[in-house]
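K.L.:
How does the following fold in three dimensions:
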Amino acid sequence: MKRVTRHVGTLLLLLSLILIASSIAFAQIGPDIPREETLIVDILSGRIPNPKRFNAWAPGTNNDAGIQQCMLDPLWCVEYAQGEILNVLAKSPPIYNEDHTQMKVELREGIYWSDGVQFTADDVVFTVEKLKVNPGMNYSAEFDLGVEKVYKTDDYTVVFELKNPNTRFHTYFLDRWGCCRIMAKHVWEDVEDPMTFDAYPPVSIGQYVLKEVDPGGYWFLWERREDWERTAVGQMYGKSRPKYVLFHYYGPPEKKVMAQARHELDMCDLTMETLQASLDRPDFRTYRRDYPWIVNIDPCITGITLNTAREPFDNRDVRWALVLCMDIVDVMAMAFDGAGAMGALHVPPTPVYLDWYYTPMEGWLHEFALDIEIDGKPFKPYDPGASQRLADYAKGRGYAVPDDPAQVREIFGYGWWKYAPEVAGKLLERNGYTKDKSGKWLMPDGKPWKITLTSNANPSHPGYKNVFAVAQQWRRFGIEIEVATSEQAGTLSTYGQVEASNNWPAYEPWGGHPDLHRTLRMWHSKYVKPIGEVAVGHHSRWSHPELDAIIDEMEKIGFDDPKLMELGMEGLKVAAREMPSIPTFSYPGVVGWDETYWTNYPGAENPYQQPYQHWPNFKFMLPFLEPTGKK
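P.N.:
Numbering: from 1, shown residues only. Have a look, this model is predicted:
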């Protein structure tokens, strides 16, 4: 196989020189901490500026250095690898009354905080009441607006009386990279100012307690509780295998590579380039052991968001022209060397969403036509052969790609929109666009068509790579493109001060549940704000009456009502037809795992859990890791 790693030896030598001055050796943590009992993982958000702040209920606290993975548990948690909702501190799903004005929660029994105090309904009631009366705290506004009263009927049953019907009130407690987690009443009840309280040293309800923290915020060492069986994870899956979990920030990806080469880092996020630089190491593996290596279950779709509050992006023909002048294979080749799963719909083509939406909607995708005729027939833009073209590209690069069409579809997606620049041109021409002598597009007023694509400034981010790949496509079509990278890209987009950006083309769905209300509601007209005001809905600032009606209907029925999938499909059809933003491919998670001390990571061959160390679900992976026995 052709390798993109021919210069791995030189690269690793250079990286080792870079790392020597800044590496914090594992031995510095303490000689009493055996390496073979310690799992060392990366901190996605980087160095923690206030390392002794464990107040997860105040804005600005970094949660991914162990707070959400080791210290706190939610009532429920999304598990997107298998497509399910886990009952964590709650022992069962939420129980609503008929009109969804009351929700009852049944709690697990036998759960204890790390200081020996039993977890009960008192903690849940206290949490909601404490947040409700402290404006500025996380979920304070939601509970103040939505909760009439909350009370317990016994030590393990909580009842919420809601001010208005709410079929999804429980999702405030449903962890998907964040939710309202539960406070320890006995710790917080005498706190006068909960916004400034650091909650240090922290009391845990998870299987681990904080043992030591670096004053500089580079590492956090957590130790498994002796009473691990008195935790939700213990009841659900048993004993976590690592005695210690060390969250350690080594710096940029090249430093992570070298830390892994020295076996001082077990799990981390990488870039495609640094991943490829590690492939020749026998003790290194990725989510997929072979190309395309990447995680294909991340519940997020990447792409381009168009600001429909600005001309000409308020014109559907223009939006579709920008789609049809893109060759998705070229886009993915440039952005990630073809490693990814293309998605034509505004939901990620993960295995569960392929089952829930892509497969049932294939017939509609094949028959969907734009309101333009080509050769006397309505033009059908869907290209089911795009994934095979991407597979052919990968083969041409020398990568091993399966011949089985079903495997190709699972790896690379079901298809995308046709590369049809001639149709794109006709859509523009019927709206008054013309070309000059050099082949550049002119707007209806005769001025050159220029688009500024705004991106974050992180070169390793999928959105950054996407922007430059799409810019190349649009330039080839004859549009003058400027890519503006800025650390303020998010703020600019929030206020509508962009034309087009690399913001996700749709709000992320739950990932482990088919309800698409979380995604579609962000396009409701009630959330659309004019340019200059903060976007409270999707940054495309688009809405449609048909979609409003679908969202309104979704809000009337329960979270698990079978009709939700039907409504979700109808909503996706409206979004695809109108194309307010352009989905491209699922988030290509790039992870690196060292198998020197630990194995049985949740790779593609056995995705028993989500694969990231920064997600709260990481806690559910720990009971299944296997020590290698190496000392």
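K.L.:
how about the helices in the stretch 351-500 of the chain?
P.N.:
Remark: helices assigned in the stretch 351-500 of the chain by DSSP state H, counting those that start in this stretch are 351-353, 362-367, 386-396, 405-412, 421-429, 462-477, 489-494.
K.L.:
Show me which positions of the fifth one end up buried.
P.N.:
Put plainly, it is helix 421-429. 421, 423-428 (16 or more other CB atoms under 10 Å). For glycine as for every other residue, the C-beta is placed from the backbone atoms N, C-alpha and C.
K.L.:
show me what contacts the residue nearest to Phe477 when sequence neighbours are not counted?
P.N.:
Leaving aside its chain neighbours, Phe477 sits nearest to Cys325 (3.8 Å; criterion: CB to CB, 6 or more residues apart in numbering). By CB atoms under 8 Å, 6 or more residues apart in numbering, the contact list for Cys325 reads 419-421, 424, 473-474, 476-477.
K.L.:
List only those of the residues you listed flagged as buried.
P.N.:
For the contacts of Cys325, a neighbour count by 16+ other CB under 10 Å gives the buried set as 419-421, 424, 473-474, 477.
K.L.:
Glu508: which of those residues is nearest?
P.N.:
Gln473 (24.7 Å; CB to CB).
K.L.:
any idea how far Ile372 is from that closest one?
P.N.:
Distance of Gln473 to Ile372, given as CB to CB, to the nearest Å: 20 Å.
K.L.:
Let me know the secondary structure of Asp123.
P.N.:
helix (DSSP: H, G, I helix; E, B strand; the rest coil).
K.L.:
That one contacts Arg181, correct?
P.N.:
No: counting by CB atoms under 8 Å, Asp123 sits too far from Arg181 to count as a contact (10.4 Å).
K.L.:
show me where the stretch 51-200 of the chain has helices.
P.N.:
Listed in chain order, the helices of the stretch 51-200 of the chain (DSSP H, counting those that start in this stretch) span 121-132, 140-146, 185-188.
K.L.:
what about dumping the CA coordinates of the first one to PDB?
P.N.:
Spelled out, that is helix 121-132. Extracted in PDB, the C-alpha atoms of helix 121-132 (Å, rounded to 0.1, in the frame of the first residue of the first chain):
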ATOM      1  CA  ALA A 121     -34.400  12.600  45.900                       C
ATOM      2  CA  ASP A 122     -33.500  15.500  48.300                       C
ATOM      3  CA  ASP A 123     -30.400  16.100  46.100                       C
ATOM      4  CA  VAL A 124     -32.500  16.400  42.900                       C
ATOM      5  CA  VAL A 125     -35.100  18.700  44.500                       C
ATOM      6  CA  PHE A 126     -32.400  20.900  46.000                       C
ATOM      7  CA  THR A 127     -30.500  21.200  42.700                       C
ATOM      8  CA  VAL A 128     -33.500  22.500  40.800                       C
ATOM      9  CA  GLU A 129     -34.600  24.800  43.600                       C
ATOM     10  CA  LYS A 130     -31.100  26.200  44.100                       C
ATOM     11  CA  LEU A 131     -30.500  26.900  40.400                       C
ATOM     12  CA  LYS A 132     -34.000  28.300  40.000                       C
END
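K.L.:
May I see the buried residues of it?
P.N.:
121, 123-132.
K.L.:
Please parse this protein into its domains.
P.N.:
Segmentation of the chain into domains, based on automatic domain parsing, reads 8-55+64-71+206-287+590-627, 76-188, 301-586.
K.L.:
mind checking how far the residue lying closest to Asp64 once chain neighbours are set aside is from Ala65?
P.N.:
Using CB to CB, 6+ apart and skipping the chain neighbours, the partner closest in space to Asp64 is His614 (4.4 Å). Applying CB to CB, the value for His614 to Ala65 is 9 Å.
K.L.:
shared neighbours of those two, which are they?
P.N.:
Contacts common to His614 and Ala65, judged by CB under 8 Å, 6+ apart, are 43, 45.
K.L.:
what's near enough to touch Arg53?
P.N.:
61-62, 198-200.
K.L.:
rerun at 6 Å
P.N.:
The neighbours of Arg53, taking CB atoms under 6 Å, 6 or more residues apart in numbering as the test, are 61, 198.
K.L.:
got it, and Ser460?
P.N.:
Thr271.
K.L.:
mind running it again at 10 Å?
P.N.:
252-253, 269-274, 590 (CB atoms under 10 Å, 6 or more residues apart in numbering).
K.L.:
Just those: which are in strands?
P.N.:
Of these, the ones assigned to strands by DSSP state E are Asp269.
K.L.:
which one of the contacts of Ser460 is nearest Val187?
P.N.:
When these are ranked by distance to Val187 (CB to CB), Asp269 comes first, at 32.5 Å.
K.L.:
Trp222 and Phe247 touch, don't they?
P.N.:
Yes: contact criterion CB atoms under 10 Å: Trp222 and Phe247 qualify, at 7.4 Å.
K.L.:
Are there residues contacting both of the two? Which ones?
P.N.:
Residues touching both Trp222 and Phe247 (CB under 10 Å, 6+ apart) are 39, 65-66, 69-70, 213.
K.L.:
Can you list the residue ranges for strands in the stretch 501-631 of the chain?
P.N.:
Assigned by DSSP state E, counting those that start in this stretch, the stretch 501-631 of the chain shows strands spanning 581-586, 591-594, 598-599, 626-627.
K.L.:
Trp320 is nearest to which of those?
P.N.:
Closest to Trp320 of those is strand 581-586 (CB to CB; 9.6 Å).
K.L.:
The closest one vs helix 386-396, what angle?
P.N.:
Strand 581-586 and helix 386-396 meet at an angle of 50 degrees, taking axes from the mean of the first three to the mean of the last three CA atoms, to 10 degrees as the criterion.
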